[in-house]
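In: whatever this is, show me its structure:
(chains A and B)
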Amino acid sequence: MYILGISCFYHDSAAVLIRDGKLIAAAQEERFSRKKHDDRFPQEAINYCLREAGIPAAKLDSIGFYEKPFLKFDRILQTYLHTAPKGVSSFVQSMPLWMKEKLWMKHIIQRSLAWDREVVFIPHHLAHAASAFLVSLFTSAAILTLDGVGEWSTTTKGFGSRNSISLTHEIRFPHSLGLLYSAFTFYCGFKVNSGEYKLMGLAPYGKPRFASRIWESLVDVKADGSFQLNMDYFPYEYSLRMINKRFIQLFGNIPARASTDPITQHHRDVAASIQSVLEEIILRLTRSLSREVKSPNLCMAGGVALNCVANGKILRESPFQDLYVQPAASDAGGALGVAYYIYNSILKHPRNFVMEHAYFGPHFSNTAIESFLKHHNVPYHSFRSQKKLYSTVAKKLARQRVVGWFQGRMEWGPRALGNRSILADPRNPENQKRVNLKIKFREDFRPFAPSVLEEYQHQYFKLSPPSPFMLLVAQVRGKRRSIPAVTHVDGSARIHSVNARTNPSFHRLLESFRRETDCPVLINTSFNVRGEPIVCTPEDAFRCFMGTEMDDLVMGNYLISKESVNVLSRHHRYRDQFQLD
Amino acid sequence: MRSPVSLFRKIAKLFRLFFRAVVQVQTVIIFGIVYYLLFSPLAFVYRLLHIQRSISSKHSGTYWTPRTRESDQRPYLQF
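Out: Okay, here's the model as predicted:
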């Protein structure tokens, strides 16, 4: 039985295909269209999923969509009624889109896939909940979903047991933790729905001196963590702006930072303040949820669940003993959620899949990679022995070279987890600046994540459970001085633990690096430049390699060194092709 | 010398851009009229009703509200 899940038309559109409950393929449209956070109908991602399964669309048994468009439209209309006549500009911009495509979702799916049967629509937050619980290893768990907004809900809680999910309570728009965080993202000069993780990375540089102001004026939080925002400060109900003059006055009349302006201590402190408020609210929510649902396990989903600093805090300070967040926890994950909800909860098949890794994207064979290299006259070194390849790359990394690493299936979700990664030596503090400024072309304050051999994780980090999806932040142990390039200013790191079962290739590379240097950790950042989606194909990888100051590129069994490639074929100003995020 | 085909393409492109701009302006005007003539009066009535409702509703110690389950009568449709 084949089930296709689709999410689109807000941000991060995606498609997922499952066969008899096993995940066959999952990918975001942006990886194919090369447009970051692409929200268009995921035609190319769907085509990829069908190719991977080797079936035409006619062979699908069911298709699901991750939200209910008419309910969402109801919310939008009611919000305009509630705020008229202030919302004219937003109304004029959004209504044509709704009339033209968003209300015709069923027909768009049916037309695009030549599908004449019904399409299943489930509520947005139910899709989020299903995306976490139904692929987790828990038989039962408490569930918390937090994002910007779905139809009406912005936050839901409930529980899952075997193959059923019950979301019992909700907090409704406009009161939203995701939108509260996005408002501050905007204020600090980052892009909404894209730069939230930068705000999180900026927070440790500041002091939360505005936290009390946020508690007093912007958000009212009850003891159980439920909250309401003071909408006098947020105009997003009726306009395309996230904050108003009153919000700016609250923060000392200092205007919102433009993306090109320098970051000041004021912005760092604001970032630290909202991060601390967010963490406290989430902790209250999880504590009260654990009293209601007698389970030691928690599943979280929604864009806010990608806040890995808060996730780390939940593990340390909430009563829950185990936490599961799947790698594409934001809207893209809705495609996964609806597919599994159909299979497990509607059709009532028992659960038979646990998402232990994120490698569900396209794969390119050595033959395909070699034919690409030959076709473009790229000089390369081919390795017959994998062992030799790993030891050569480990030696290069130890010699402070930066390596593009392209292996196996592309990752599902926003994090590069060792298959489409840029790697460097974490022992050298200079590597953080070098990779940020000369390779990623991004802000120099942004930290890099460490990939660590799972068996050595506890020696380097204060974190017991593995973190295979890079969604947990923990403190670096005393050995922090030995890996400065991946240690943030507050002594923390966003950990990616690597085990031999789920990613043998990357594990062997880390093991070779450990043998070479006695350090089982590497800098791991996504294989892209600022504003570019993570690379998908060998061609994307080679273009990115040539457009940056990466030293070596490894694709499959082939090694390409920058010195050996004709400089004339370099893509100068490669980064200019992408809109900054 | 430019071929007539390339000249024609350029003119066609200019026309397309021009009509796209005209359509956009038209859309703004039409939806603007709908907003002010239909929406705003409706909104006035809606808000009167809403004020009535919000006066009668009280918050206890929580902002959580019970969530209605996916209806069994109209399951899994668009609304």
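In: the nearest residue to residue A:273 once chain neighbours are set aside: what's it in contact with?
Out: Distances taken as CB to CB, 6 or more residues apart in numbering or on different chains put residue A:210 closest to residue A:273, at 3.8 Å, once the chain neighbours are dropped. Glycine gets a C-beta too; all of them are placed from N, C-alpha and C. For residue A:210, the contacting residues are A:251, A:269, A:270, A:273, A:274, by CB atoms under 8 Å, 6 or more residues apart in numbering or on different chains.
In: just those residues: which are in helices?
Out: Judged by DSSP state H, the contacts of residue A:210 include A:269, A:270, A:273, A:274 as members of helices.
In: gap between the second one and residue A:303?
Out: Separation of residue A:270 from residue A:303 (CB to CB, to the nearest Å): 20 Å.
In: hmm, what's the outermost residue in chain A?
Out: residue A:85 (36.7 Å; CA atoms, centre = their mean).
In: SS state for that residue?
Out: Using DSSP: H, G, I helix; E, B strand; the rest coil, the structure places residue A:85 in coil.
In: quick one: name the residues of the stretch 1-150 of chain A near chain B.
Out: Proximity of the stretch 1-150 of chain A to chain B, by CB under 8 Å from any CB of the partner chain, involves residues A:68-71, A:74, A:78, A:80-85, A:87-88, A:91-92, A:95-96, A:105-106, A:120-123, A:126.
In: quick one: which of the ones in helices among the contacts of residue A:210 has the most company?
Out: residue A:270 (28 neighbours; other CB atoms under 10 Å in any protein chain shown).
In: surely that residue is in contact with residue A:187?
Out: Yes. The pair residue A:270 / residue A:187 is scored as a contact, 6.5 Å apart, by CB atoms under 8 Å.
In: residue 24 is in what secondary structure piece?
Out: In the absence of a named chain, chain A is used. Per DSSP states H and E: residue A:24 is located in strand A:22-28.
In: try chain B instead
Out: Assigned by DSSP H and E, residue B:24 falls in helix B:4-33.
In: residue A:276 now?
Out: helix A:265-292.
In: flag every buried residue along that helix.
Out: A:266-290 (16 or more other CB atoms under 10 Å in any protein chain shown).
In: point out the other helices and strands that it packs with.
Out: strand A:140-146, strand A:153-161, helix A:177-187, helix A:196-202, helix A:211-213, strand A:219-221, strand A:297-301, helix A:308-317 (3 or more CB pairs under 8 Å, 6 or more residues apart in numbering or on different chains; DSSP states H and E).
In: can you list the residues that contact the first one?
Out: In this case it means strand A:140-146. A:125, A:128-129, A:132-133, A:153-162, A:165, A:167, A:177-178, A:282, A:285-286, A:289-290, A:292-293, A:295, A:297-305, A:320, A:324.
In: sorry, back to before: please identify the deepest-packed of the helices and strands packed on helix A:265-292.
Out: strand A:297-301 (a mean of 28; mean count of other CB atoms under 10 Å in any protein chain shown).
In: that one: partners in the sheet, and parallel or antiparallel?
Out: Sheet pairing of strand A:297-301 (DSSP bridges) gives strand A:140-146 (parallel), strand A:322-324 (parallel).
In: let's verify the nearest residue to residue A:303 once chain neighbours are set aside: helix, strand, or coil?
Out: Leaving aside its sequence neighbours, residue A:303 sits nearest to residue A:330 (CB to CB, 6+ apart; 4.0 Å). Residue A:330 falls in the coil class when you classify it by three-state DSSP.
In: tell me the contacts of residue A:330?
Out: Applying CB under 8 Å, 6+ apart to residue A:330 gives the contacts A:11, A:12, A:147, A:302, A:303, A:306, A:414.
In: from residue A:551, how far off is it?
Out: From residue A:330 across to residue A:551, the span is 33 Å (CB to CB).
In: how about low-confidence regions in chain B?
Out: B:1-2, B:51-59, B:69-74, B:78-79 (pLDDT under 70).
In: buried only: go through the residues of the stretch 1-150 of chain A next to chain B for me.
Out: Among the residues of the stretch 1-150 of chain A next to chain B, the ones that count as buried (16+ other CB under 10 Å) are A:68-71, A:80-84, A:87-88, A:91-92, A:95-96, A:105-106, A:120-123, A:126.
In: contacting residues around residue A:495?
Out: For residue A:495, the contacting residues are A:449, A:450, A:452, A:457, A:461, A:463, A:467, A:470, A:472, A:473, A:474, by CB under 8 Å, 6+ apart.
In: where does it fall, secondary structure wise?
Out: Using DSSP H and E, residue A:495 falls in strand A:492-498.
In: quick one: residues contacting the spatially most central residue of chain B.
Out: Nearest to the mean C-alpha position of chain B, counting by CA atoms, centre = their mean, stands residue B:31 at 8.6 Å. By CB under 8 Å, 6+ apart, the contact list for residue B:31 reads A:91, A:92, A:95, A:96.
In: with residue A:24 instead?
Out: By CB under 8 Å, 6+ apart, the residues touching residue A:24 are A:17, A:18, A:49, A:52, A:53, A:360.
In: rewinding a little: which one of the ones in helices among the contacts of residue A:210 is nearest chain B?
Out: residue A:274 (19.1 Å; CB to the nearest CB).
In: pLDDT score assigned to the closest residue to that closest one other than its chain neighbours?
Out: Closest residue in space to residue A:274, ignoring its immediate chain neighbours: residue A:184 at 4.2 Å, by CB to CB, 6+ apart. At residue A:184, the model reports a pLDDT of 98.
In: check contacts around residue A:184.
Out: Contacts for residue A:184 (CB under 8 Å, 6+ apart) come out as A:199, A:270, A:271, A:274.
In: for those residues, give me TSV that also has distance to residue A:495 and pLDDT.
Out: Formatted as TSV, these follow (distance: CB to CB, whole Å; pLDDT from 0 to 100):
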residue	distance to residue A:495	pLDDT
A:199	20	96
A:270	26	98
A:271	21	98
A:274	23	98
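In: now residue A:141: how far from residue A:493?
Out: 27 Å.
In: buried stuff in stretch A:550-570?
Out: Quick answer for stretch A:550-570 (16+ other CB under 10 Å): A:550-560, A:562, A:565.
In: now it, how far from the centre of its chain.
Out: Remark: stretch A:550-570 is offset 28 Å from the chain centroid, using CA atoms, centre = their mean, to the nearest Å.
In: before we move on, what about stretch A:398-411?
Out: Chain-centre distance of stretch A:398-411: 20 Å, with CA atoms, centre = their mean.
In: go on, stretch A:262-275?
Out: The answer for stretch A:262-275 is 22 Å, by CA atoms, centre = their mean.
In: and if you look at stretch A:23-37?
Out: A distance of 12 Å separates the centroid of the chain from that of stretch A:23-37, by CA atoms, centre = their mean.
In: what's near enough to touch the nearest residue to residue A:163 once chain neighbours are set aside?
Out: The shortest distance from residue A:163 to any non-neighbouring residue, by CB to CB, 6+ apart, is to residue A:344 (3.9 Å). When contacts are counted by CB under 8 Å, 6+ apart, residue A:344 touches A:21, A:130, A:134, A:163, A:350, A:351.
In: again, only this time at 10 Å
Out: Counting by CB atoms under 10 Å, 6 or more residues apart in numbering or on different chains, residue A:344 touches A:18, A:21, A:130, A:133-135, A:160, A:162-165, A:350-353.
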